[in-house]
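Asker: let's see this in three dimensions:
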Amino acid sequence: MRACFLGLMLAFGGLTSAAAQDAPSAAAAIVVVDTEELYRATQYGRRIAANLEERARALQDENEKITAALTAEEQELTERRPTMESADFRAAAAEFDQRVQGIRRARDAAIAAFEADRDAGPRVFLEAVGTILGDLMLERGAVAVLDQRIVFLSHSSVDMTAAAVARIDAVLGDGSTVDN
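Answerer: Here you go, the predicted structure:
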């Protein structure tokens, strides 16, 4: 019984190996690409990421300056309180609070706009490189490109990520000429 099972395993194993060797040509109708790697590895994707990082730092720096200025102003108002009439202090405090709330709303809007741009960055990038990926797909005789993240198992010959990075860099460079 054991010998029979072993014989069947070897026979099916041989068929599986033969099928695996033929798989790249059979699977040529589909290619895969690691879109995250494209974004990280191409000049264009790196430029988008660097610009977003620069904007994030600028927002953070601006937030810190605003916080420092408001803290100093609040401290000054607190120090002036003993010399002020109650009604004058309440009015100054209310005006200060109203300005702080306006600044907070403006900062929240700026952060939301940045986050929307940051989230859109990879999508904008993929839209810009879609034609290049389509050309590579057709050159390989494929009819579909799948994102590597949704592929459970594939043969390495269907992965065109490295070729896509090279082509995107050659065609778009850092993407400066692409309308964003």
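
Asker: confidence score at the residue nearest the centre of the chain?
Answerer: In the chain, the residue lying closest to the centroid (Cα atoms, centre = their mean) is Pro122, at 4.6 Å. According to the prediction, Pro122 has pLDDT 93.

Asker: what do you get for Ala29?
Answerer: pLDDT, Ala29: 86.

Asker: excluding chain neighbours, what is closest to it?
Answerer: For Ala29, ignoring the flanking residues on the chain, the nearest one in space by Cβ to Cβ, 6 or more residues apart in numbering is Val143 at 5.1 Å. C-beta here means a position set from N, CA and C on the backbone, and glycine is covered the same way.

Asker: is that neighbour in contact with Val31, as I believe?
Answerer: No: in this structure, Val143 is not within contact of Val31 by Cβ atoms under 8 Å, at 9.2 Å.

Asker: residues touching the residue nearest to Ala29, list them.
Answerer: By Cβ atoms under 8 Å, 6 or more residues apart in numbering, Val143 lies in contact with Ala29, Ile30, Met137.

Asker: what's the spacing between the first one and Gln43?
Answerer: Right, the one you point to is Ala29. Applying Cβ to Cβ, to the nearest Å, the value for Ala29 to Gln43 is 30 Å.

Asker: more neighbours, the two?
Answerer: More neighbours surround Gln43 than the other of Ala29 and Gln43, with 16 against 13 (other Cβ atoms under 10 Å).
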